[in-house]
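>>> Turn this into a structure:
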Amino acid sequence: MNRTMVLALLLLVLAGNNQAPALERPDVVFKIFQFPSDKIPCIDGKTEDWKIFPESYSVGSDELRDTHKGNVGSPDPEDLKIKVKVGWVKGMNRLYFLYEADDNYWTTKINLGDIFEVVVDGDLSGGQFILNSQLSDPMENHFRFMGVHSQNYHIFTPPGEDRDWAMIWGCQPWIRELPYANHACSYNFKEGEKGHLILEFWITPFDYAPYDGPDGAVESKLEENKIIGLSWAVMDYDKPGCDYNGFWNLSHKTRMDQNASCQVAFRLMPLEPQFLKPIEAQWSFKVVDMDRRMVAFIDLSYGKITSWLWDFDDGTTSTEQNPVHTYIKPGNYTVVLTIEGPEGKARRIKVFDVAVK
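Prediction:
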């Protein structure tokens with residue numbers, strides 16, 4: 001395999017998934033805000049850390065439909081008004097949520113309380129994740145399919161004092177615990193009153209989440225511009241009884257709770273311009289042939305760049321953007337990338353990262 005083919009394959013892998021598959025509401029792609037690494041929200045049930053969140057990224061009540069009553073309407077703001085913000089941090093496989101709701105009736109009773117149901121499919125594998133009609137044994141369905149590749153969180157709002165914050169509709173309740181999730185909730189109402197609720201939490205999406213614990217689990221890799229499947233629903237109980245007042249669904253399809261193909265597209269967005277330097281150097285590498293000491297270098301810099309200079313720490317350099325370099329001797333090398341453009345110059349040094357034998 002020549003160096004051009006090696007580099008092409010690497011860039012294809014790094015490019016990620018940029019196309020939305022056949023999900024619900026194909027005319028809509030919602031946005032997930034990227035928090036800068038020095039502005040990660042603290043999970044404390046407060047909104048201060050979310051002030052930098054662009055309002056255009058927020059998803060409000062107007063996007064919901066009551067699928068329980070025939071996919072109609074949006075919530076009456078005098079009855080229920082919600083806003084959801086979703087964020088992520090580059091390099092961390094977490095989705096951060098801020099859920100704010102104003103309701104005219106709140107209850108903490110186990111079977112009647114309001115629920116914020118979140119379902120996520122991080123790798124767009126789609127399909128059923130609750131059951132398989134070909135299997136007659138319900139427990140076999142439970143362990144083989146429920147939440148294994150797309151996870152479902154029934155979050156109690158408010159959670160109350162004597163129960164876990166969420167019920168996992170699946171076979172892996174461990175995903176709601178640290179280090180895979182965290183939450184905080186604050187509110188200003190008593191049982192049966194109206195008021196405002198703030199729910200702040202993060203979750204880890206999984207490509208594979210087995211029933212027997214996290215040892216064999218595979219986290220969904222979150223990357224810039226990747227499309228993931230995501231949806232939520234609000235079950236609103238307004239009076240004591242056995243049925244809810246509304247089942248408000250972002251997907252506009254009730255069965256988003258059982259079929260990942262019924263979710264909607266969300267894009268993991270790059271950093272907003274105000275958080276970027278005019279020009280910044282960054283790069284990664286892959287040893288593609290250890291026997292030949294062949295290393296492919298991938299430029300990840302941003303800004304207006306007119307020139308690249310790589311110093312491979314063996315007396316050689318390259319001005320290619322994405323060079324493939326062969327080392328003559330084994331060792332640990334300190335590689336430097338220097339970039340330049342109309343807005344200045346930047347470089348990135350990685351000390352002894354590149355190692356060949």
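
>>> tell me the contacts of the residue nearest to Lys221 when sequence neighbours are not counted?
Residue nearest to Lys221 in three dimensions, not counting chain neighbours: Asn93, with 6.3 Å by CB to CB, 6 or more residues apart in numbering. Every residue, glycine included, has its C-beta placed from N, CA and C. If a contact means CB atoms under 8 Å, 6 or more residues apart in numbering, then Asn93 has Gly122, Thr204, Pro205, Glu219, Ser220, Lys221, Leu222 as its contacts.

>>> Looking at the residues you listed, which are in helices?
Assigned to helices by DSSP state H, none of those qualify.

>>> Next up, the contacts around Asp314.
Residues in contact with Asp314 (CB under 8 Å, 6+ apart) are Tyr327, Ile328, Lys329, Tyr333.

>>> Just the buried subset of these, please.
Of the members of the contacts of Asp314, the ones counted as buried by neighbours, 16 or more other CB atoms under 10 Å, are Tyr327, Tyr333.

>>> distance of the residue nearest the centre of the chain from His325?
Computing the C-alpha centroid of the chain and ranking residues by CA atoms, centre = their mean puts Leu95 first, at 4.0 Å. When distance is defined by CB to CB, to the nearest Å, Leu95 is 37 Å away from His325.

>>> quick revisit: Asn182: which of the contacts of Asp314 is nearest?
Tyr333 (39.2 Å; CB to CB).

>>> Just confirm that closest one is within a helix.
No: going by DSSP: H, G, I helix; E, B strand; the rest coil, the assignment for Tyr333 is strand, not a helix.

>>> which ones are touching it?
Applying CB under 8 Å, 6+ apart, we find Tyr333 in contact with Phe312, Asp313, Asp314, Tyr327, Phe352, Val354, Ala355, Val356.

>>> so how far is Ile298 from it?
When distances are taken as CB to CB, Tyr333 and Ile298 turn out to be 16 Å apart.

>>> likewise Pro54?
Taking CB to CB as the criterion, Pro54 is separated from Ile298 by 29 Å.

>>> between the two, who's got more neighbours?
For the pair Pro54 and Ile298, the greater number of neighbours falls to Ile298 (17 against 12), based on other CB atoms under 10 Å.

>>> residue boundaries of the strands in the stretch 101-250 of the chain?
All strands of the stretch 101-250 of the chain, identified by DSSP state E, counting those that start in this stretch, fall at 114-121, 151-157, 166-168, 181-187, 195-203, 206-208, 218-219, 227-236, 246-249.

>>> Buried residues, the longest one. List them.
For strand 227-236, the buried set under the neighbour-count rule, 16+ other CB under 10 Å, comprises Ile227, Ile228, Gly229, Leu230, Ser231, Trp232, Ala233, Val234, Met235, Asp236.

>>> what bridges to the third one?
The reference is to Gly229. The residues paired with Gly229 through beta bridges, assigned by DSSP bridges, are Asp121, Ala265.

>>> Now do the contacts for it.
The neighbours of Gly229, taking CB under 8 Å, 6+ apart as the test, are 23, 120-122, 124, 126, 150, 260-261, 263-266.

>>> and Trp174, how many neighbours?
Under the neighbour criterion other CB under 10 Å, Trp174 is assigned a count of 16.

>>> typed the wrong thing, it's Asp164
Each residue near Asp164 was counted by other CB under 10 Å, and the total is 14.

>>> Contacts only, for it.
By CB under 8 Å, 6+ apart, the contact set of Asp164 is Arg176.

>>> Flag every buried residue along the helix or strand where Lys83 lies.
Element membership for Lys83 (DSSP states H and E) is strand 80-88. Across strand 80-88, burial judged by 16+ other CB under 10 Å covers Leu80, Lys81, Ile82, Val84, Lys85, Val86, Gly87, Trp88.

>>> Now for these: which two are most distant?
Considering CB to CB, no two members of those lie farther apart than Leu80 and Trp88, which are separated by 26.9 Å.

>>> low-scoring stretches of the chain, by residue?
1-22, 71, 110-112, 130-136, 240-244 (pLDDT under 70).
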